[in-house]
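J.: next input, structure requested:
(one chain, ligands or ions: 2)
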Amino acid sequence: MSLLPDISELLSRARADMRMGLPVVLVGASGAVLAAAAETLGAERLADLRALGAAPVIAITARRAETLKARAYDGDLARVRLPAEADLAWVTALADPEDDLRSPMKGPLQTDRGGAADLHRLAILLAKSARLLPAAVIVPLEDGRKTAADTGLTLIDHADAAPHLLERSLLRPVVHARLPLEVSEAGRLHIYRPDDGSEEHYAIEIGRPDRAQPVLARLHSACFTGDLLGSLKCDCGPQLRAALGQMGEEGAGILLYLNQEGRGIGLANKMRAYSLQDQGFDTVEANHRLGFEDDERDFRLGADLLQSLGFASVRLLTNNPAKIAMMEKNGIAVAERVPLKVGETAHNRAYLATKAAKSGHML
Ligand SMILES: Nc1nc2c(ncn2[C@@H]2O[C@H](COP(=O)(O)OP(=O)(O)OP(=O)(O)O)[C@@H](O)[C@H]2O)c(=O)[nH]1
Ligand SMILES: [Zn+2]
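T.: Numbers count the residues shown, from 1 in each chain. Ligands and ions are numbered 1, 2, ... in the order given. Modelled structure (predicted):
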């Protein structure tokens, strides 16, 4: 029946539930579990999860497990057993590296080996896509469908969800309107909305670029601190303004503003990463200690937007070779790379050097 939510709508609901601290029911070939994001779980709900009787584990990524010296038998993730005496603060400390140095967790941590981890993997993916710390408390259930029916909690079937997890959602054009800008009076803002209830993305068109020629283009990732506040820790604000400025001078260009704050980990997690950087870790190490990969962005969205706007070829303003590779792989020809070097400060020199050394950015 079309009035019932489809799997993409259920996944969106599950993300919202996790952000609120509500558990979700996950079912699959290997059984059924209740999964709650470690970051938002309350003490009362943790007690309720324990009261179900089955032993809870906390699913964390292999990146986080490495910092905690926990064995990740599942390869990309570890299932850490929740000790009988562990309270909510213990769960928080496992998920959040903030106090790793000040008060290291007392090990050794016991992790599960053998058995399926597909539902644990799904829970971590959901937490990541909800822009929460990638850690989830998991409790096995006898009958997941019955629990969902009895409680009204969101039910996700792994088999239905799997095809959606690695695919990006279709971006639909919502509206576009004239937007005169300092750099060009011939500005136009296009709003795109994904089908799956996640963040909207924007395209700023300068002039009326010829669709038959490579367009001067910039894929900009949202950076609240740099774009709006003038943060000295990165080069995003100056890059944003320089890209728009060059498009204004040339009279044509397209800037995609992708809402993938913090290289796709969200602003709260980026601030956690900044706090770790103040403890001496670089930008890549900080992401890993939080349990993330170096870069969690999906640049395919940029290629989708360009195609939707009628472009097949770009002169790409970037220093990031990964962006060029992703464009080419997803049907957008990169006719030229246009370097974009602005905004180096005493505060971001080390950050820029790390990106060059570890992420292959061109200096
Ligand atoms: N996780 C994390 N994200 C950061 C940090 N500093 C900046 N960002 C985010 O990084 C994104 C910008 O990416 P950059 O790596 O600076 O540049 P790029 O887009 O990969 O490459 P260019 O096209 O050459 O600018 C924005 O989403 C910022 O919010 C940090 O220390 N940690
Ligand atoms: Zn920035």
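J.: how near is the nearest residue to Thr92 once chain neighbours are set aside to Arg315?
T.: Counting by Cβ to Cβ, 6 or more residues apart in numbering, Thr92 lies nearest to Ala38, which is 6.9 Å off, once chain neighbours are set aside. Every residue, glycine included, has its C-beta placed from N, CA and C. Ala38 sits 44 Å away from Arg315, going by Cβ to Cβ, to the nearest Å.
J.: ok, these two, which is more surrounded?
T.: Between Ala38 and Arg315, counted using other Cβ atoms under 10 Å, Ala38 has the larger neighbour count: 26 against 17.
J.: tell me the pLDDT at that one?
T.: Per-residue pLDDT puts Ala38 at 98.
J.: in which helix or strand does Met271 reside?
T.: helix 267-278 (DSSP states H and E).
J.: show me what that helix is packed against.
T.: In terms of contacts (3 or more Cβ pairs under 8 Å, 6 or more residues apart in numbering; DSSP states H and E), helix 267-278 is packed against helix 261-264, helix 283-290.
J.: now these in a markdown table, with mean pLDDT?
T.: Below are the helices and strands packed on helix 267-278 laid out as a markdown table (pLDDT from 0 to 100):
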| stretch | mean pLDDT |
| --- | --- |
| helix 261-264 | 97 |
| helix 283-290 | 97 |
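J.: show me what from the protein comes close to ligand 2.
T.: Cys223, Gly226, Cys234, Cys236 (Cβ under 5 Å from the ion).
J.: setting aside sequence neighbours, what's the nearest residue to the first one?
T.: The spatially closest residue to Cys223, leaving aside those adjacent along the chain, is Cys236, at 3.7 Å (Cβ to Cβ, 6+ apart).
J.: ok, that neighbour to Gly152 distance?
T.: For Cys236 relative to Gly152 (Cβ to Cβ), the value is 42 Å.
J.: who has more neighbours, those two?
T.: Cys236 (20 against 8).
J.: just the helices in the stretch 251-363 of the chain please.
T.: Secondary structure of the stretch 251-363 of the chain (DSSP state H, counting those that start in this stretch): helices located at 261-264, 267-278, 283-290, 300-308, 321-329, 349-358.
J.: now these in JSON lines, with distance to Glu182?
T.: Shown next, in JSON lines, are the helices of the stretch 251-363 of the chain (distance: least, Cβ to Cβ, whole Å):
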{"stretch": "helix 261-264", "distance to Glu182": "24"}
{"stretch": "helix 267-278", "distance to Glu182": "26"}
{"stretch": "helix 283-290", "distance to Glu182": "31"}
{"stretch": "helix 300-308", "distance to Glu182": "23"}
{"stretch": "helix 321-329", "distance to Glu182": "26"}
{"stretch": "helix 349-358", "distance to Glu182": "26"}
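J.: which stretch in those helices has the least confidence?
T.: Looking at the helices of the stretch 251-363 of the chain, the weakest mean confidence is helix 349-358, a mean of 84.
J.: give the buried residues for it.
T.: Within helix 349-358, the residues scored as buried using 16 or more other Cβ atoms under 10 Å are Tyr351, Leu352, Thr354, Lys355.
J.: stretch 244-257 too?
T.: Counting neighbours by 16+ other Cβ under 10 Å, stretch 244-257 gives Leu244, Gly245, Gln246, Met247, Gly248, Ala252, Gly253, Ile254, Leu255, Leu256, Tyr257 as buried.
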